[in-house]
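In: output the structure for:
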Amino acid sequence: MLWPGRPQGEHHSRMTEEHDLGALPDDVVHMGRFLEASSDWPESAQFGRAMALLHFGTFRVDRFPFEETFENELAAAGALARSFTQLRAAWVVTSHGFLAETRNLLRSVYESAGLARVLAKDPKMADQWLRDGKWFPDVRVRQWLSDVRGDSAHEVDKYKNFYVEASAWAHPTAESCMGQFIVKEDHFFLNAAIAFDEEACQQAVGLLASTALFACFAFRNAVVDERAIDPAWRRDLYDLAREMSDEAMPHLDRDWAAEQDHYDAVMANLRDRRYLKGQLRTHPRAYDNLKPQGTE
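Out: Alright, predicted model coming up:
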């Protein structure tokens, strides 16, 4: 091993060049080239659109009063917010050229967003997650999707296959580690430098966009019913899904005029939860008003 110890040969000249105080670190140089090139990629625009949709859905409600919040609400919101933060971090990591670590983060996004939709619909699991610190591995999430939600085997397998592939990069497998080498004429060179590879970066941004899209659909599935979500948001999401997949996706077809009428009718009859305590005090069929007088 050459480190620690006295630098030699090719390593010495490269290290001297990299640590010249007058030069920018190679990852910062990479970021400049990345930002310049990525502004023209359709994948970058798609990632931005997916992130805007995810931010709106995740942070539309950002206050959770103690007395009015249930475990499944808080747990799902926390997991979804984590997926949004992880996606932001993945963009930064990609821009600096650490592409193998990007896949590691995207695996975590799938975990966070996939878990959020489960916690939203299963208060018992949400309670265990919050109060007991219990972590539910990916296999439990897939089992829940199959057994409780009734997702098709094909849909569950798609989620599983991505997770398995991403896990190969999250762990020190040969696939994830051998990228540290460059093949020379007669030897492998262990390379510490970061060089801009436009094709690889564009592919990474495409993965970012598709993962952000997955998180958006996880939010949709976490809600009590998709028709409780503003139709404009859903329409933008479905249009983006069709654009990114280049498929018709007829299962996403909706009568948007009817969807808007339904949403408007629901919103018109919806009462803010701030009125709940007062309603429970005065409603004739509330529990406290049904109890015999003088009983605890």
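In: and the helices in the protein?
Out: 9-18, 26-38, 42-59, 71-95, 99-121, 123-131, 138-144, 153-170, 174-177, 198-222, 231-245, 256-269, 276-282, 287-290 (DSSP state H).
In: just how off-centre is stretch 250-263 within its chain?
Out: The chain centre lies 26 Å from the centre of stretch 250-263; the measure is CA atoms, centre = their mean, to the nearest Å.
In: Arg227 and Asp261 touch, don't they?
Out: No. In this structure Arg227 lies outside contact range of Asp261 using CB atoms under 8 Å: 10.7 Å. Quick note: C-beta positions are derived from backbone N, CA and C, even for glycine.
In: low-scoring stretches of the stretch 101-250 of the chain, by residue?
Out: 136-163, 166-168 (pLDDT under 70).
In: does Ala228 touch Met267 like I think?
Out: No. Contact criterion CB under 8 Å: Ala228 and Met267 do not qualify, at 9.3 Å.
In: most tightly packed of the helices of the chain?
Out: Greatest average neighbour count among the helices of the chain goes to helix 99-121 (a mean of 23), per mean count of other CB atoms under 10 Å.
In: for that one, packing partners?
Out: Judged by 3 or more CB pairs under 8 Å, 6 or more residues apart in numbering; DSSP states H and E, helix 99-121 is in contact with helix 71-95, helix 123-131, helix 138-144, helix 153-170, helix 198-222.
In: in PDB, list the C-alpha atoms belonging to that helix.
Out: Extracted in PDB, the C-alpha atoms of helix 99-121 (Å, rounded to 0.1, in the frame of the first residue of the first chain):
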ATOM      1  CA  LEU A  99     -22.500   8.600  -9.500                       C
ATOM      2  CA  ALA A 100     -22.200   5.300  -7.600                       C
ATOM      3  CA  GLU A 101     -23.300   7.000  -4.400                       C
ATOM      4  CA  THR A 102     -26.300   8.400  -6.300                       C
ATOM      5  CA  ARG A 103     -27.700   4.900  -6.700                       C
ATOM      6  CA  ASN A 104     -27.200   4.300  -3.000                       C
ATOM      7  CA  LEU A 105     -29.400   7.300  -2.200                       C
ATOM      8  CA  LEU A 106     -32.100   6.300  -4.700                       C
ATOM      9  CA  ARG A 107     -32.400   3.000  -2.900                       C
ATOM     10  CA  SER A 108     -33.200   4.900   0.200                       C
ATOM     11  CA  VAL A 109     -35.800   7.000  -1.600                       C
ATOM     12  CA  TYR A 110     -37.600   3.800  -2.600                       C
ATOM     13  CA  GLU A 111     -37.500   2.600   1.000                       C
ATOM     14  CA  SER A 112     -38.800   5.900   2.400                       C
ATOM     15  CA  ALA A 113     -41.500   6.500  -0.200                       C
ATOM     16  CA  GLY A 114     -42.600   2.900  -0.300                       C
ATOM     17  CA  LEU A 115     -42.900   2.700   3.400                       C
ATOM     18  CA  ALA A 116     -44.800   6.000   3.600                       C
ATOM     19  CA  ARG A 117     -47.800   4.600   1.600                       C
ATOM     20  CA  VAL A 118     -47.900   1.600   3.900                       C
ATOM     21  CA  LEU A 119     -47.700   3.600   7.100                       C
ATOM     22  CA  ALA A 120     -50.500   5.900   5.900                       C
ATOM     23  CA  LYS A 121     -52.900   3.000   5.400                       C
END
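In: what distance separates that helix from the centre of its chain?
Out: A distance of 5 Å separates the C-alpha centroid of helix 99-121 from that of its chain, computed with CA atoms, centre = their mean.
In: quick one on the thing from earlier: how about the helices of the chain in a markdown table, adding distance to Asn191?
Out: Listed next are those as a markdown table, based on distance: least, CB to CB, whole Å:
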| stretch | distance to Asn191 |
| --- | --- |
| helix 9-18 | 9 |
| helix 26-38 | 11 |
| helix 42-59 | 26 |
| helix 71-95 | 18 |
| helix 99-121 | 13 |
| helix 123-131 | 42 |
| helix 138-144 | 33 |
| helix 153-170 | 18 |
| helix 174-177 | 12 |
| helix 198-222 | 14 |
| helix 231-245 | 33 |
| helix 256-269 | 52 |
| helix 276-282 | 61 |
| helix 287-290 | 69 |
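In: so which of these comes closest to Phe189?
Out: Among the helices of the chain, helix 9-18 comes nearest to Phe189, with 7.6 Å by CB to CB.
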